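Below is the sequence, then the predicted model.
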Amino acid sequence: MTPDEFRHRLSRGPLVIDGGLATQLESAGHDIGGSLWSARVLRDDPAAVRDAHIAFLAAGAELIITASYQVSRRGLIEVGSSAREADQLLVRSVQLANEAREQALADGVSQPGALVAASVGPWGATNHDGSEYRGRYGVPRRELVAFHRERLEPLVAAAPDLLAVETIPDLDEVEALIEALSDYPDLAAWISLTTPDGRTVSAGQPLGDVAHVVASCPSVVAVGVNCSAADHVLAAVEALAPAGLPLLAYPNAGQVWDAESEQWHGPAAPVLPAALPPLWLAAGVRVVGGCCGVGPEGISELATMTAGWHSD
(Lines give C-alpha, C1' and ligand atoms only; values in the text may rest on other atoms or scores of the structure.)
Protein backbone atom coordinates (compact mmCIF):
# COMPACT_ATOMS: atom_id res chain seq x y z
CA MET A 1 0.00 0.00 0.00
CA THR A 2 1.49 3.30 -1.05
CA PRO A 3 1.43 6.36 1.20
CA ASP A 4 -1.24 7.93 -1.02
CA GLU A 5 -3.39 4.79 -0.83
CA PHE A 6 -3.22 4.78 2.96
CA ARG A 7 -4.03 8.49 3.08
CA HIS A 8 -7.10 7.79 0.96
CA ARG A 9 -8.15 5.00 3.33
CA LEU A 10 -7.88 7.33 6.32
CA SER A 11 -9.84 10.04 4.52
CA ARG A 12 -12.89 7.76 4.66
CA GLY A 13 -12.97 7.80 8.45
CA PRO A 14 -11.19 6.38 11.50
CA LEU A 15 -9.45 3.03 11.23
CA VAL A 16 -9.78 0.68 14.20
CA ILE A 17 -6.68 -1.36 14.91
CA ASP A 18 -6.24 -4.30 17.24
CA GLY A 19 -5.24 -4.44 20.90
CA GLY A 20 -2.39 -6.05 22.80
CA LEU A 21 -1.31 -9.19 20.94
CA ALA A 22 0.73 -10.44 23.90
CA THR A 23 -2.26 -9.74 26.16
CA GLN A 24 -4.46 -11.94 24.00
CA LEU A 25 -1.84 -14.69 23.89
CA GLU A 26 -1.55 -14.64 27.68
CA SER A 27 -5.31 -14.74 28.11
CA ALA A 28 -5.33 -17.87 25.95
CA GLY A 29 -2.86 -19.51 28.34
CA HIS A 30 0.43 -18.99 26.53
CA ASP A 31 3.67 -18.19 28.35
CA ILE A 32 5.34 -15.07 26.99
CA GLY A 33 8.04 -14.88 29.64
CA GLY A 34 11.69 -14.53 28.69
CA SER A 35 13.55 -12.25 26.37
CA LEU A 36 11.62 -13.17 23.23
CA TRP A 37 8.23 -12.17 24.69
CA SER A 38 5.47 -12.81 22.11
CA ALA A 39 8.12 -13.85 19.56
CA ARG A 40 8.50 -17.01 21.62
CA VAL A 41 4.92 -17.97 20.74
CA LEU A 42 5.48 -16.91 17.14
CA ARG A 43 8.37 -19.37 16.99
CA ASP A 44 6.89 -22.24 18.99
CA ASP A 45 3.14 -22.07 18.36
CA PRO A 46 2.37 -19.99 15.27
CA ALA A 47 -1.25 -21.16 15.19
CA ALA A 48 -1.78 -19.37 18.50
CA VAL A 49 -0.64 -16.11 16.94
CA ARG A 50 -3.03 -16.61 14.03
CA ASP A 51 -5.89 -17.27 16.49
CA ALA A 52 -5.06 -14.09 18.43
CA HIS A 53 -5.23 -12.05 15.23
CA ILE A 54 -8.60 -13.62 14.38
CA ALA A 55 -9.96 -12.74 17.82
CA PHE A 56 -9.23 -9.07 17.20
CA LEU A 57 -10.66 -9.16 13.68
CA ALA A 58 -13.83 -10.77 15.06
CA ALA A 59 -14.01 -7.95 17.61
CA GLY A 60 -14.10 -5.35 14.85
CA ALA A 61 -10.44 -4.51 14.19
CA GLU A 62 -9.87 -3.27 10.65
CA LEU A 63 -6.09 -3.57 10.91
CA ILE A 64 -3.96 -6.14 12.69
CA ILE A 65 -0.33 -5.67 13.71
CA THR A 66 2.10 -8.55 13.24
CA ALA A 67 3.96 -10.40 16.00
CA SER A 68 7.33 -9.06 14.82
CA TYR A 69 7.80 -6.38 17.50
CA GLN A 70 10.37 -8.36 19.49
CA VAL A 71 12.01 -10.24 16.62
CA SER A 72 15.57 -9.32 15.68
CA ARG A 73 18.78 -11.05 14.70
CA ARG A 74 20.39 -9.65 17.84
CA GLY A 75 17.67 -11.06 20.08
CA LEU A 76 17.54 -14.50 18.48
CA ILE A 77 21.32 -14.90 18.51
CA GLU A 78 21.35 -14.09 22.25
CA VAL A 79 19.08 -17.09 22.94
CA GLY A 80 21.20 -19.45 20.84
CA SER A 81 19.36 -19.18 17.54
CA SER A 82 20.51 -17.56 14.31
CA ALA A 83 20.14 -14.50 12.13
CA ARG A 84 18.50 -16.71 9.51
CA GLU A 85 15.78 -17.82 11.91
CA ALA A 86 15.17 -14.21 12.91
CA ASP A 87 14.58 -13.26 9.28
CA GLN A 88 12.32 -16.28 8.80
CA LEU A 89 10.25 -15.32 11.85
CA LEU A 90 9.85 -11.77 10.57
CA VAL A 91 8.48 -13.12 7.31
CA ARG A 92 6.33 -15.68 9.14
CA SER A 93 4.75 -12.97 11.27
CA VAL A 94 3.37 -11.29 8.15
CA GLN A 95 2.27 -14.59 6.65
CA LEU A 96 0.33 -15.48 9.81
CA ALA A 97 -1.45 -12.15 9.85
CA ASN A 98 -2.40 -12.63 6.20
CA GLU A 99 -3.66 -16.13 6.97
CA ALA A 100 -5.70 -14.79 9.87
CA ARG A 101 -7.26 -12.13 7.67
CA GLU A 102 -8.22 -14.73 5.06
CA GLN A 103 -9.60 -17.13 7.67
CA ALA A 104 -11.63 -14.47 9.47
CA LEU A 105 -13.15 -13.35 6.19
CA ALA A 106 -13.93 -16.94 5.14
CA ASP A 107 -15.55 -17.61 8.52
CA GLY A 108 -17.67 -14.48 8.21
CA VAL A 109 -16.35 -12.89 11.40
CA SER A 110 -14.73 -9.86 9.73
CA GLN A 111 -15.46 -7.51 6.87
CA PRO A 112 -13.45 -7.27 3.62
CA GLY A 113 -10.64 -4.76 3.46
CA ALA A 114 -8.79 -5.47 6.72
CA LEU A 115 -5.15 -4.42 6.61
CA VAL A 116 -1.94 -5.98 7.91
CA ALA A 117 0.74 -3.75 9.41
CA ALA A 118 4.20 -5.17 10.10
CA SER A 119 5.35 -4.19 13.57
CA VAL A 120 8.75 -2.50 13.77
CA GLY A 121 9.61 -2.21 17.45
CA PRO A 122 12.41 -0.14 18.99
CA TRP A 123 16.01 -1.17 19.53
CA GLY A 124 15.42 -1.05 23.28
CA ALA A 125 12.87 -3.87 23.14
CA THR A 126 15.65 -6.35 22.37
CA ASN A 127 17.32 -5.52 25.69
CA HIS A 128 14.30 -6.77 27.62
CA ASP A 129 15.10 -4.33 30.41
CA GLY A 130 12.44 -1.68 29.87
CA SER A 131 14.74 0.58 27.87
CA GLU A 132 12.08 0.93 25.17
CA TYR A 133 10.34 3.12 27.75
CA ARG A 134 13.46 5.17 28.49
CA GLY A 135 15.40 5.67 25.27
CA ARG A 136 18.82 7.32 25.38
CA TYR A 137 20.44 4.00 24.55
CA GLY A 138 23.94 5.35 24.04
CA VAL A 139 24.06 3.51 20.71
CA PRO A 140 25.61 5.23 17.66
CA ARG A 141 23.13 6.30 15.02
CA ARG A 142 24.74 4.13 12.37
CA GLU A 143 24.13 1.08 14.58
CA LEU A 144 20.47 2.00 15.04
CA VAL A 145 20.04 2.49 11.29
CA ALA A 146 21.69 -0.86 10.56
CA PHE A 147 19.56 -2.63 13.19
CA HIS A 148 16.32 -1.37 11.68
CA ARG A 149 17.41 -1.91 8.09
CA GLU A 150 18.17 -5.57 8.69
CA ARG A 151 14.66 -6.07 10.10
CA LEU A 152 12.87 -3.98 7.51
CA GLU A 153 14.29 -5.96 4.59
CA PRO A 154 12.55 -9.31 5.38
CA LEU A 155 9.41 -7.57 6.65
CA VAL A 156 8.99 -5.56 3.47
CA ALA A 157 9.78 -8.63 1.35
CA ALA A 158 6.84 -10.40 3.02
CA ALA A 159 4.53 -7.72 1.55
CA PRO A 160 2.55 -6.28 4.47
CA ASP A 161 0.09 -3.51 3.63
CA LEU A 162 2.11 -1.03 5.66
CA LEU A 163 4.65 -0.68 8.48
CA ALA A 164 3.72 0.04 12.09
CA VAL A 165 6.84 1.63 13.58
CA GLU A 166 5.81 1.61 17.21
CA THR A 167 6.70 2.20 20.85
CA ILE A 168 9.60 4.47 19.92
CA PRO A 169 10.94 6.33 22.99
CA ASP A 170 13.60 8.61 21.59
CA LEU A 171 13.92 11.32 18.94
CA ASP A 172 17.38 9.96 18.07
CA GLU A 173 15.80 6.62 17.16
CA VAL A 174 13.07 8.35 15.17
CA GLU A 175 15.76 10.01 13.06
CA ALA A 176 17.53 6.68 12.55
CA LEU A 177 14.26 5.03 11.56
CA ILE A 178 13.47 7.73 9.03
CA GLU A 179 16.85 7.10 7.42
CA ALA A 180 16.07 3.38 7.25
CA LEU A 181 12.53 4.00 5.95
CA SER A 182 13.93 6.12 3.12
CA ASP A 183 14.79 2.83 1.39
CA TYR A 184 11.04 2.19 0.97
CA PRO A 185 9.39 5.43 -0.19
CA ASP A 186 6.48 3.59 -1.82
CA LEU A 187 5.36 1.70 1.30
CA ALA A 188 3.16 3.51 3.81
CA ALA A 189 4.37 3.66 7.41
CA TRP A 190 3.34 5.21 10.68
CA ILE A 191 5.53 6.20 13.60
CA SER A 192 4.14 5.81 17.09
CA LEU A 193 5.91 7.02 20.22
CA THR A 194 5.77 6.44 23.95
CA THR A 195 5.17 9.37 26.27
CA PRO A 196 5.21 9.59 30.08
CA ASP A 197 3.36 12.89 30.26
CA GLY A 198 1.76 13.80 26.92
CA ARG A 199 4.37 16.48 26.25
CA THR A 200 7.62 14.59 25.66
CA VAL A 201 8.78 11.25 24.35
CA SER A 202 10.03 8.85 27.00
CA ALA A 203 13.64 10.00 26.51
CA GLY A 204 12.59 13.56 27.34
CA GLN A 205 12.63 15.38 24.00
CA PRO A 206 9.55 17.50 23.19
CA LEU A 207 6.93 15.82 21.05
CA GLY A 208 6.85 18.97 18.95
CA ASP A 209 10.43 18.26 17.87
CA VAL A 210 9.35 14.80 16.74
CA ALA A 211 6.52 16.33 14.72
CA HIS A 212 9.03 18.41 12.79
CA VAL A 213 11.23 15.39 12.03
CA VAL A 214 8.51 12.96 10.89
CA ALA A 215 6.98 15.54 8.56
CA SER A 216 10.14 15.27 6.45
CA CYS A 217 9.65 11.58 5.56
CA PRO A 218 7.41 10.95 2.50
CA SER A 219 6.50 7.39 3.50
CA VAL A 220 5.32 8.32 7.01
CA VAL A 221 1.57 8.83 6.68
CA ALA A 222 0.54 9.06 10.35
CA VAL A 223 2.12 9.83 13.71
CA GLY A 224 0.95 9.34 17.26
CA VAL A 225 1.41 7.47 20.52
CA ASN A 226 0.99 3.93 21.77
CA CYS A 227 1.67 1.90 24.92
CA SER A 228 1.17 5.04 27.02
CA ALA A 229 -1.57 5.94 29.47
CA ALA A 230 -4.89 6.87 27.89
CA ASP A 231 -5.10 10.12 29.82
CA HIS A 232 -1.89 11.35 28.15
CA VAL A 233 -3.09 10.77 24.59
CA LEU A 234 -4.96 14.02 23.96
CA ALA A 235 -2.06 16.29 24.95
CA ALA A 236 0.33 14.11 22.96
CA VAL A 237 -1.61 14.17 19.70
CA GLU A 238 -2.14 17.91 20.05
CA ALA A 239 1.65 18.31 20.39
CA LEU A 240 2.15 16.17 17.27
CA ALA A 241 -0.51 17.93 15.18
CA PRO A 242 2.00 20.42 13.67
CA ALA A 243 3.38 17.50 11.63
CA GLY A 244 0.31 17.97 9.45
CA LEU A 245 -0.31 14.21 9.37
CA PRO A 246 -3.27 12.07 10.45
CA LEU A 247 -2.83 11.16 14.10
CA LEU A 248 -3.00 7.78 15.79
CA ALA A 249 -3.52 6.53 19.31
CA TYR A 250 -3.43 3.05 20.79
CA PRO A 251 -2.74 3.38 24.51
CA ASN A 252 -2.20 0.60 27.00
CA ALA A 253 -4.42 -0.39 29.89
CA GLY A 254 -2.78 2.09 32.25
CA GLN A 255 -0.23 -0.16 33.92
CA VAL A 256 3.55 0.28 34.25
CA TRP A 257 6.04 -2.29 32.94
CA ASP A 258 8.51 -3.70 35.47
CA ALA A 259 11.37 -5.20 33.49
CA GLU A 260 12.87 -6.96 36.51
CA SER A 261 9.75 -8.96 37.31
CA GLU A 262 8.64 -9.06 33.66
CA GLN A 263 5.16 -7.96 34.69
CA TRP A 264 2.79 -5.04 34.36
CA HIS A 265 1.92 -3.40 37.68
CA GLY A 266 -0.98 -1.23 38.74
CA PRO A 267 -4.71 -1.28 38.00
CA ALA A 268 -5.67 -2.31 34.48
CA ALA A 269 -8.43 -0.88 32.31
CA PRO A 270 -8.83 -3.42 29.46
CA VAL A 271 -11.65 -1.28 28.05
CA LEU A 272 -10.50 2.28 27.36
CA PRO A 273 -12.36 5.08 29.19
CA ALA A 274 -15.43 5.78 27.04
CA ALA A 275 -15.15 9.55 27.33
CA LEU A 276 -11.65 9.76 25.83
CA PRO A 277 -11.72 8.31 22.26
CA PRO A 278 -14.29 10.89 21.04
CA LEU A 279 -11.91 13.64 22.20
CA TRP A 280 -9.05 12.00 20.32
CA LEU A 281 -11.10 11.73 17.15
CA ALA A 282 -12.13 15.36 17.41
CA ALA A 283 -8.42 16.26 17.71
CA GLY A 284 -7.59 14.51 14.43
CA VAL A 285 -6.91 10.90 15.45
CA ARG A 286 -7.71 8.65 12.49
CA VAL A 287 -6.10 5.40 13.66
CA VAL A 288 -7.29 4.17 17.04
CA GLY A 289 -6.94 0.98 19.05
CA GLY A 290 -5.30 -0.46 22.14
CA CYS A 291 -1.94 -1.77 23.25
CA CYS A 292 -0.77 -3.89 26.20
CA GLY A 293 -3.65 -4.93 28.44
CA VAL A 294 -6.40 -4.05 25.95
CA GLY A 295 -8.12 -7.14 24.62
CA PRO A 296 -10.86 -7.89 22.07
CA GLU A 297 -13.58 -6.52 24.36
CA GLY A 298 -11.93 -3.12 24.34
CA ILE A 299 -11.53 -3.18 20.57
CA SER A 300 -15.17 -4.17 20.14
CA GLU A 301 -16.24 -1.11 22.11
CA LEU A 302 -13.97 1.13 20.02
CA ALA A 303 -15.36 -0.32 16.80
CA THR A 304 -18.91 0.42 17.94
CA MET A 305 -18.03 3.91 19.05
CA THR A 306 -16.18 4.88 15.85
CA ALA A 307 -18.81 3.51 13.48
CA GLY A 308 -20.62 6.83 13.45
CA TRP A 309 -17.47 8.63 12.36
CA HIS A 310 -17.16 6.73 9.09
CA SER A 311 -18.10 8.41 5.83
CA ASP A 312 -19.13 6.81 2.54
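Ah, there it is.

Just the helices from this structure, written as ranges.
Residue ranges of the helices in the chain, as given by DSSP state H, are 3-11, 21-27, 38-44, 46-58, 73-78, 83-106, 141-157, 171-181, 207-214, 233-240, 276-282, 296-306.

Can you mark which positions in the second one are buried?
Same thing as helix 21-27. Judged by neighbour count (16 or more other CB atoms under 10 Å), helix 21-27 contains these buried residues: 21-26. C-beta here means a position set from N, CA and C on the backbone, and glycine is covered the same way.

will you turn the residues you listed into TSV that also has pLDDT?
Shown next, in TSV, are these (pLDDT from 0 to 100):
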residue	pLDDT
21	94
22	91
23	91
24	94
25	92
26	91
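
Arrange the helices of the chain in a markdown table, one row each, with distance to residue 200 as further columns.
Output for the helices of the chain, formatted as a markdown table (distance: least, CB to CB, whole Å):
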| stretch | distance to residue 200 |
| --- | --- |
| helix 3-11 | 26 |
| helix 21-27 | 26 |
| helix 38-44 | 27 |
| helix 46-58 | 30 |
| helix 73-78 | 27 |
| helix 83-106 | 31 |
| helix 141-157 | 20 |
| helix 171-181 | 9 |
| helix 207-214 | 6 |
| helix 233-240 | 9 |
| helix 276-282 | 19 |
| helix 296-306 | 26 |
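
so which of those helices comes closest to residue 123?
Residue 123 sits nearest to helix 141-157 of all the helices of the chain, at 5.5 Å, using CB to CB.

just checking, what packs against the closest one?
helix 73-78, helix 83-106, strand 115-120, strand 162-168, helix 171-181 (3 or more CB pairs under 8 Å, 6 or more residues apart in numbering; DSSP states H and E).

just how off-centre is the last one within its chain?
To tie it back to what came earlier, the one meant is helix 171-181. Distance, stretch centre to chain centre, for helix 171-181: 16 Å (CA atoms, centre = their mean, to the nearest Å).

and what of the fourth one?
Between the centre of strand 162-168 and the centre of its chain there are 5 Å (CA atoms, centre = their mean).

any idea of the angle it forms with helix 171-181?
In terms of direction (axes from the mean of the first three to the mean of the last three CA atoms, to 10 degrees), strand 162-168 departs from helix 171-181 by 160 degrees.
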